[in-house]
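# Structure of the sequence below:
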Amino acid sequence: MKTRFWELTKPNTSRYRAEWAHDEMRLGEGGGKRLTDLSIVLPGDSIQDFVWTWYSECCVQQHVLEMFRNEGFTGFEIKPVRARYEKSSSPPPPLWELVITGWGGMAAEESGIKLNEEESCLARHYYRYTGTDHPERIIDVSRWDGSDFFMVWPLPRFVFITDRVAHLIKEKKLIGARIVTPADLKKSDGFTPGRLSYYMPDMRAKELGEPLGIY
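Sure thing, here's the model as predicted:
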């Protein structure tokens, strides 16, 4: 059966991974939510089509964003990125952070992921989920909203994409990212994602997260 969904993820090498410019950014109480746009320091003096930070934020160059818009891809918003090279005073090309707003719902029960109530504190919005024994079963198609870019809870830093997006990236030979099947996701002992509002615009996070108690 043809794979319908993919994960868009970082290259195996960390050579091009961007550092946060910590002195230019502010975090909310407890450090969960970023209050400012992304400010990063790029290694070397050149960048790829996709740029990832050590915290798994995904950024794209302007020409990539234009491709996505021309294709009518859905499920994301953008934020400007303030960037500079670590080893060059020349300004890098414009970068945009992809903020995923598409929704794949809660991870399917068949994946093995479930809330660990004993280790969670719902009053403090601390959620601890078990890991997955079957990553290939994480996406429940019935919960997917049809977006080309989407997240599945509790994996907010995992960018899932449709075949349409995967095909474009491969066709245009864009560099700086890998496309893997959900089955290739690394197994984890568990997930502690915090709140959905840490990752999505507030109104969207409230719409999706409030009924689920994860807003």
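
# Quick check, pLDDT for residue 30.
Looking at residue 30, its pLDDT is 74.

# and it, that's in a helix?
Yes - applying DSSP: H, G, I helix; E, B strand; the rest coil, one finds residue 30 inside a helix.

# Centre-most residue in this protein?
In the chain, the residue lying closest to the centroid (CA atoms, centre = their mean) is residue 157, at 3.7 Å.

# unless I'm mixing things up, it is touching residue 54, no?
No - if you go by CB atoms under 8 Å, residue 157 and residue 54 don't touch, sitting 11.3 Å apart. Just so you know, the C-beta spots here come from the backbone N, C-alpha and C atoms, and that holds for glycine as well.

# Does the longest strand seen in the chain pack against any helices or strands, and if so which?
Taking DSSP state E as the criterion, the chain has its longest strand at strand 76-85. Judged by 3 or more CB pairs under 8 Å, 6 or more residues apart in numbering; DSSP states H and E, the packing partners of strand 76-85 are strand 39-42, strand 95-100.

# Give me the residues contacting the next helix-or-strand element following the shortest one.
What it means is strand 39-42. Using DSSP states H and E, the helix or strand that directly follows strand 39-42 along the chain is strand 50-52. Identification of contacts with strand 50-52 by CB atoms under 8 Å, 6 or more residues apart in numbering yields 10-11, 16-18, 40, 42, 58-61, 64, 83, 95, 174-177.

# got the angle between the longest strand of the chain and strand 95-100?
150 degrees (axes from the mean of the first three to the mean of the last three CA atoms, to 10 degrees).

# Contacts for the helix or strand bottoming out on mean pLDDT in the chain next, please.
Least confident helix or strand, the chain: strand 190-191 with a mean of 92, by mean pLDDT, DSSP states H and E. With contact meaning CB under 8 Å, 6+ apart, strand 190-191 is reached by 113, 116, 128, 129, 130, 131, 154, 155.

# Count the residues that sit near the residue nearest to residue 54 when sequence neighbours are not counted.
With CB to CB, 6 or more residues apart in numbering as the criterion, residue 54 has its nearest non-adjacent residue at 5.5 Å, and that residue is residue 17. For residue 17, the neighbour count with other CB atoms under 10 Å is 17.

# how close does residue 17 sit to residue 149?
21 Å (CB to CB, to the nearest Å).

# and what of residue 107?
Separation of residue 107 from residue 149 (CB to CB) stands at 17 Å.

# ditto for residue 67
13 Å.

# and those two? which has more neighbours close in?
More crowded of residue 67 and residue 149, by other CB under 10 Å: residue 149, with 22 against 19.

# Can you give me the distance of the more buried one to residue 100?
From residue 149 to residue 100 the distance is 5 Å (CB to CB).

# Tell me where this protein has helices.
Shown for the chain, the helices assigned by DSSP state H span residues 62-71, 163-171, 202-209.

# how distant is the longest one from the center of its chain?
So the one you mean is helix 62-71. Centroid displacement of helix 62-71 relative to its chain, using CA atoms, centre = their mean, to the nearest Å, is 18 Å.
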